[in-house]
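Novice: I would like to see how this sequence folds:
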Amino acid sequence: MNKKFFAYIEYDKESEVYVGYIPSVNGAHTQADTLEELNIKLKEVLDLCLEEMNTDDINNIPEFIKVEEIEYV
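Specialist: This next block holds a predicted model:
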């Protein structure tokens, strides 16, 4: 399978860790102390999540289009 996934990454100031999740895959989320470690862990959790999915579920994963910035004033 050749598919691209996009992760949403935040830095939690309170716990001082990076938190990442892949919105299109249920359960694909993790945290780490560095961005490099987070990338590795996201790939691992994505692999685990995809292993649990059947072919139809994988084929029905939503296609990423873009990120839109919304300014709130």
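
Novice: helices and strands of this structure: which one has the lowest mean pLDDT?
Specialist: When each helix and strand of the chain is scored by mean pLDDT, DSSP states H and E, helix 55-59 comes last, with a mean of 93.

Novice: helices or strands next to the helix or strand harbouring residue 49 in the packing?
Specialist: Take DSSP states H and E as the rule and residue 49 turns out to sit in helix 35-52. Using 3 or more Cβ pairs under 8 Å, 6 or more residues apart in numbering; DSSP states H and E as the contact criterion, the neighbours of helix 35-52 among helices and strands are strand 17-21, strand 29-32. Where you see a C-beta, it was placed from the backbone N, CA and C, and this is true even at glycine.

Novice: in that helix, what's buried?
Specialist: 38, 41-42, 45-46, 49-50 (16 or more other Cβ atoms under 10 Å).

Novice: what's the closest of those residues to residue 29?
Specialist: Nearest to residue 29, judged by Cβ to Cβ, of the buried residues of helix 35-52 is residue 45 at 7.0 Å.

Novice: Find the nearest non-adjacent residue to the residue nearest the centre of the chain, please.
Specialist: Using Cα atoms, centre = their mean, the residue of the chain that lies closest to the mean C-alpha position is residue 22, 2.1 Å off. The spatially closest residue to residue 22, leaving aside those adjacent along the chain, is residue 28, at 3.9 Å (Cβ to Cβ, 6 or more residues apart in numbering).
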